[in-house]
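In: missing the sequence, but the structure's below:
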């Protein structure tokens, strides 16, 4: 998966992501996991270093992470696979992993947008444009509308509070200008 936006913007959780297949990342990850004799759910995060075009290990999370829904929507139900494995039920390898599935964690995406807006790096229309083509949602689920509406209304209240308290566009950047995420 590659992060299109994250919160906080420079080093945070992926708020807008797109699924990808990268053989180099897959190989590197398998080598790390085998050397650790690791089994179980895991998320390994890398960043592409523009200085030498090599991936650098950021962290290894030996647990489920916020982006699990993206994997599920790509055809790899990680929680179900982990459950079946723990229960001793045979686990089939997923037949398909869909690429280019777009995922959003709306609350984090809103916070990232507000931060970037204050820094003069993103306008509201650009932020909205980022939502085009999203089919995978961290919180929203039509099968659980009460939870989805509660989450969306909480995010909307937070945005209105930030605007009311004067956290609109700033005249000078409020975040370091070290570049945007390249990949993780």
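Out: Cool, got the structure. As the structure is a computational prediction, the values presented were derived from the model and not from experiment. Numbers count the residues shown, from 1 in each chain.
In: so where's this structure shaky on pLDDT?
Out: Along the chain, the parts satisfying pLDDT under 70 run over 1-12, 141-145, 147-149, 151-152, 154-156, 158-160, 162-163, 166-184.
In: domain ranges for it?
Out: Residue ranges for the structural domains of the chain, counted by automatic domain parsing, are given in the record as 1-20+66-174, 22-64.
In: what's the most buried one of those?
Out: Scoring these by mean neighbour count under mean count of other CB atoms under 10 Å gives domain 1-20+66-174 as the most buried, with a mean of 16. Backbone N, C-alpha and C define where each C-beta goes, glycine included.
In: would you map the strands across the chain?
Out: Ranges of strands within the chain are 2-7, 13-18, 43-49, 54-61, 102-104, 134-137, based on DSSP state E.
In: relative to residue 24, which of those is closest?
Out: Residue 24 sits nearest to strand 54-61 of all these, at 6.9 Å, using CB to CB.
In: neighbouring strands - and their directions - for the closest one?
Out: Here the strand partners of strand 54-61, with direction, are listed using DSSP bridges: strand 43-49 (antiparallel).
In: how close does residue 78 get to residue 108?
Out: From residue 78 over to residue 108 the distance is 20 Å, taken as CB to CB, to the nearest Å.
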